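> heads up, no residue letters with this:
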Ligand SMILES: Nc1ccn([C@@H]2O[C@H](COP(=O)(O)OP(=O)(O)OP(=O)(O)O)[C@@H](O)[C@H]2O)c(=O)n1
Ligand SMILES: C[C@](O)(CO)[C@H](O)COP(=O)(O)O
């Protein structure tokens, strides 16, 4: 029996959380590292669980931490925890396999985007509900972007008007995500990429600065500051 949040919700959220966090530096798996006293994963799941459309959450944990993650999240929200894989894509596939029948919309989120507001979860789900097969939250690129060669010589300046930085949660009609994963060959960094590769259309919606991915040590400091500015609450 899979744990449920809103039994009338039409959305399952997958939370890949099995990454090491190499770019954050030595320590526990990234999803379990503390941000203002609670692991990143706890912050992420707490916010996802506040989105009214969400019926179930499936977390892909580091294989050695599955029982510990179950215990950690039990007081936070009813979640299903499975073992993740060596690549993010494998972790997502493992979580997808645990989604119960009858849920038509699947969102794929990152534990590392720990401060993502529930409103963004709802906006992505609403766009899928509105007819899109695949939906990604995006932000404009704010730096000038150069294309360079292996020696570091600039080859040209890219027109950033056509570029977007991509966040999660990414939303999918469940059948579309399942087909894209079934057809996947090489690992890609995001799930929308699998849909693109399979020839599907992907729609952009506005992302959120709060959905930043905690990747490097500076990102943790930024997240701490954002939480402090909010008085520790959720946006
Ligand atoms: N084998 C993996 C690798 C990544 N992830 C998850 O995918 C999300 C986005 O990945 P990223 O931020 O790149 O995390 P890491 O892979 O842990 O980071 P790094 O590359 O620095 O090790 C994270 O929530 C991470 O836990 C996962 O579930 N399984
Ligand atoms: C899925 C993702 O968060 C979208 O930006 C991202 O691709 C995760 O992987 P990365 O290797 O950290 O870019």
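Nice, thanks for sending it over. Worth saying up front: this structure is predicted, and the values here are computed from it rather than measured. Numbering: from 1, shown residues only. Ligands and ions are numbered 1, 2, ... in the order given.

> ok, residue 150 to ligand 1 distance?
As judged by C-beta to the nearest ligand atom, to the nearest Å, residue 150 and ligand 1 stand 22 Å apart. C-beta: built from backbone N, CA, C; applies to glycine.

> nope, residue 145 is what I was after
Residue 145 is 20 Å from ligand 1, by C-beta to the nearest ligand atom.

> for residue 110, see how far away the closest residue to that residue other than its chain neighbours is.
Spatial nearest neighbour of residue 145, excluding adjacent residues (C-beta to C-beta, 6 or more residues apart in numbering): residue 158 at 4.3 Å. From residue 158 over to residue 110 the distance is 25 Å, taken as C-beta to C-beta, to the nearest Å.

> more neighbours, the two?
The neighbour comparison of residue 158 against residue 110 (other C-beta atoms under 10 Å) goes to residue 110, with 26 against 13.

> phi, psi for that one please.
phi -110, psi 130 (degrees, to the nearest 10).

> so what's the residue count around the nearest residue to it once chain neighbours are set aside?
If the residues on either side of it in the chain are set aside, residue 110 comes closest to residue 168, at 4.8 Å by C-beta to C-beta, 6+ apart. The tally of other residues near residue 168 (other C-beta under 10 Å) stands at 29.

> correct me, but residue 168 touches residue 114?
No: Residue 168 is beyond contact range of residue 114, at 11.2 Å (criterion: C-beta atoms under 8 Å).

> does residue 169 touch residue 120 like I think?
Yes: because the distance of 7.0 Å satisfies C-beta under 8 Å, residue 169 is recorded as touching residue 120.

> neighbour count winner among these two?
Using other C-beta under 10 Å, the more surrounded residue of residue 169 and residue 120 is residue 169, with 30 against 26.

> what are the phi and psi angles of the more buried one?
phi -80, psi 140.

> rewinding a little: give me the common contacts of residue 169 and residue 120.
By C-beta atoms under 8 Å, 6 or more residues apart in numbering, residue 169 and residue 120 have these common neighbours: residue 137.

> contacts only, for the residue minimising distance to the centre of the chain.
Geometric centre of the chain, nearest residue: residue 109, 1.8 Å, by C-alpha atoms, centre = their mean. Contacts for residue 109 (C-beta under 8 Å, 6+ apart) come out as 13, 14, 15, 16, 44, 48, 116, 121, 168, 169, 170.

> quick one: it from ligand 2, how far?
From residue 109 to ligand 2 the distance is 9 Å (C-beta to the nearest ligand atom).

> same deal with residue 97?
19 Å.

> and residue 20, how many neighbours?
Neighbours around residue 20, by other C-beta under 10 Å: 13.

> that one: what's it in contact with?
29, 30, 62.

> closest one of the residues you listed to ligand 1?
residue 30 (4.4 Å; C-beta to the nearest ligand atom).

> residue ranges of the helices in this structure, please?
40-49, 66-73, 88-96, 118-129, 174-183, 191-197, 217-229 (DSSP state H).

> save those as JSON lines, and put in mean pLDDT and distance to residue 80 too.
As requested, those are exported to JSON lines (pLDDT from 0 to 100; distance: least, C-beta to C-beta, whole Å):
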{"stretch": "helix 40-49", "mean pLDDT": "98", "distance to residue 80": "11"}
{"stretch": "helix 66-73", "mean pLDDT": "98", "distance to residue 80": "9"}
{"stretch": "helix 88-96", "mean pLDDT": "97", "distance to residue 80": "8"}
{"stretch": "helix 118-129", "mean pLDDT": "98", "distance to residue 80": "17"}
{"stretch": "helix 174-183", "mean pLDDT": "96", "distance to residue 80": "16"}
{"stretch": "helix 191-197", "mean pLDDT": "97", "distance to residue 80": "18"}
{"stretch": "helix 217-229", "mean pLDDT": "96", "distance to residue 80": "26"}
